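[1] Need coordinates for the below:
(2 chains)
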Protein chains: 2
Amino acid sequence: MTEREAVLEANRAFYAAFASGDYAAMETVWARSVAVCIHPGWPVISGRHAVMQSWQAILRSPPPVICEDAVCHVMGEVALVTCTERIEQVTLSVTNLFTSEGGVWRMTHHHAGHNLDAIEEADDGSGDDTPGPGMIH
Amino acid sequence: MTEREAVLEANRAFYAAFASGDYAAMETVWARSVAVCIHPGWPVISGRHAVMQSWQAILRSPPPVICEDAVCHVMGEVALVTCTERIEQVTLSVTNLFTSEGGVWRMTHHHAGHNLDAIEEADDGSGDDTPGPGMIH
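    Numbering: from 1, shown residues only, chains lettered A, B, ... in the order given. I've put the predicted structure just below:
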């Protein structure tokens, strides 16, 4: 297995834990060193304890998340994965960062952000299609 | 200057280029190797050519962006910076990733995502405070 394949396998393990609400597996996925997380619409969460607390709350009602279009760039001891999350009708653009800890790729950062198209699709039909803050850049 | 300080200086150079609409400076900021970008509400943009094209369009009308609360983690040849962007009344949670190219820290990935609180603050007063897609996780 190449490093790239190993990273993509770690990315799959993250989504398997996420979709099944398996907190123990999610604990295994995350790095022991640096752990940072930005859930959609949330501020930055820093440190393994705070990040795992956030996942504990989220995994009580795990969403039917599907990961698509994962692309991996290995840069030494760190690997960047970008992908798309689909949760029912919602689409999110995602950054997942992995670090090699003792030869095992573990998640060191997760950032999922709204896809504005998905927000517009979920619009209540009021006809107000004023661009959201995301159109600023 | 420590590596951490050098990364934070590169992060400041990014926001200086962004706020002033200086495309030449933005070209210097970005890595020659891996370049990936997720603008708020956008899908993933991959490759230096496509990423720089997106910035060329954005910098024609540069927003009054301010970077706050930058925190840096150096992990070998890659460094993770998280921060908050404020653009007038809008708040974004941000991932900036840097890679060392010939001893110079350059941006290899930028991901800015909506802060849901900011979206709610920008609400049109209709009273519809149904949680957005971001509340899913």
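
[2] Touching, residue A:64 and residue A:87? I think so.
    Yes. Using Cβ atoms under 8 Å, residue A:64 is in contact with residue A:87, at 6.4 Å. The C-beta positions use only the backbone N, C-alpha and C, and glycine is treated the same way.

[3] For the two, indicate the residue with more neighbours.
    Comparing residue A:64 with residue A:87 by neighbour count (other Cβ atoms under 10 Å in any protein chain shown), the higher total belongs to residue A:87, at 19 against 9.

[4] Name whatever forms a beta bridge with that one.
    Under DSSP bridges, the beta-bridge partners of residue A:87 are residue A:65, residue A:90.

[5] Tell me which residue lies nearest the centroid of chain A.
    residue A:110 (4.5 Å; Cα atoms, centre = their mean).

[6] what comes up buried for the one helix or strand that residue maps to?
    Applying DSSP states H and E as the criterion places residue A:110 in strand A:104-114. By 16 or more other Cβ atoms under 10 Å in any protein chain shown, the buried positions in strand A:104-114 come out as A:105, A:106, A:107, A:108, A:109, A:110, A:111, A:112, A:113, A:114.

[7] other SSEs contacting the helix ranked longest in chain A?
    Secondary structure assigned by DSSP state H gives helix A:3-20 as the longest helix of chain A. For helix A:3-20, the packing partners by 3 or more Cβ pairs under 8 Å, 6 or more residues apart in numbering or on different chains; DSSP states H and E come out as helix A:23-29, strand A:65-75, strand A:78-87, strand A:90-101, strand A:104-114.

[8] what does that helix contact?
    Helix A:3-20 has contacts (Cβ atoms under 8 Å, 6 or more residues apart in numbering or on different chains) with A:1, A:22-23, A:25-26, A:28-29, A:59, A:62-67, A:70, A:72, A:74, A:79, A:81, A:83, A:96, A:98, A:104-107, A:110, B:137.

[9] Only the buried subset of these, as a ChimeraX command please.
    Only the buried members of the contacts of helix A:3-20 end up in this ChimeraX selection, burial being decided by 16+ other Cβ under 10 Å:
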select /A:22,23,26,29,59,62,63,65,67,70,72,74,79,81,83,96,98,105,106,107,110 /B:137
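
[10] picking that back up, just the buried residues of strand A:104-114 now: which is nearest chain B?
    residue A:113 (2.7 Å; Cβ to the nearest Cβ).

[11] Please look at the closest one and residue B:115 and confirm they touch.
    No. Applying Cβ under 8 Å, one finds residue A:113 not in contact with residue B:115, separated by 9.9 Å.

[12] what do those two both touch?
    residue B:93.

[13] thinking again about what came up before, just send the helices and strands packed on helix A:3-20 back as a markdown table, with mean pLDDT too.
    Output for the helices and strands packed on helix A:3-20, formatted as a markdown table (pLDDT from 0 to 100):
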| stretch | mean pLDDT |
| --- | --- |
| helix A:23-29 | 98 |
| strand A:65-75 | 98 |
| strand A:78-87 | 97 |
| strand A:90-101 | 97 |
| strand A:104-114 | 96 |
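
[14] returning to that earlier point: rebuild the buried residues of strand A:104-114 as TSV, extending it with distance to residue B:45.
    Formatted as TSV, the buried residues of strand A:104-114 follow (distance: Cβ to Cβ, whole Å):
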residue	distance to residue B:45
A:105	24
A:106	27
A:107	22
A:108	22
A:109	19
A:110	19
A:111	15
A:112	17
A:113	13
A:114	16
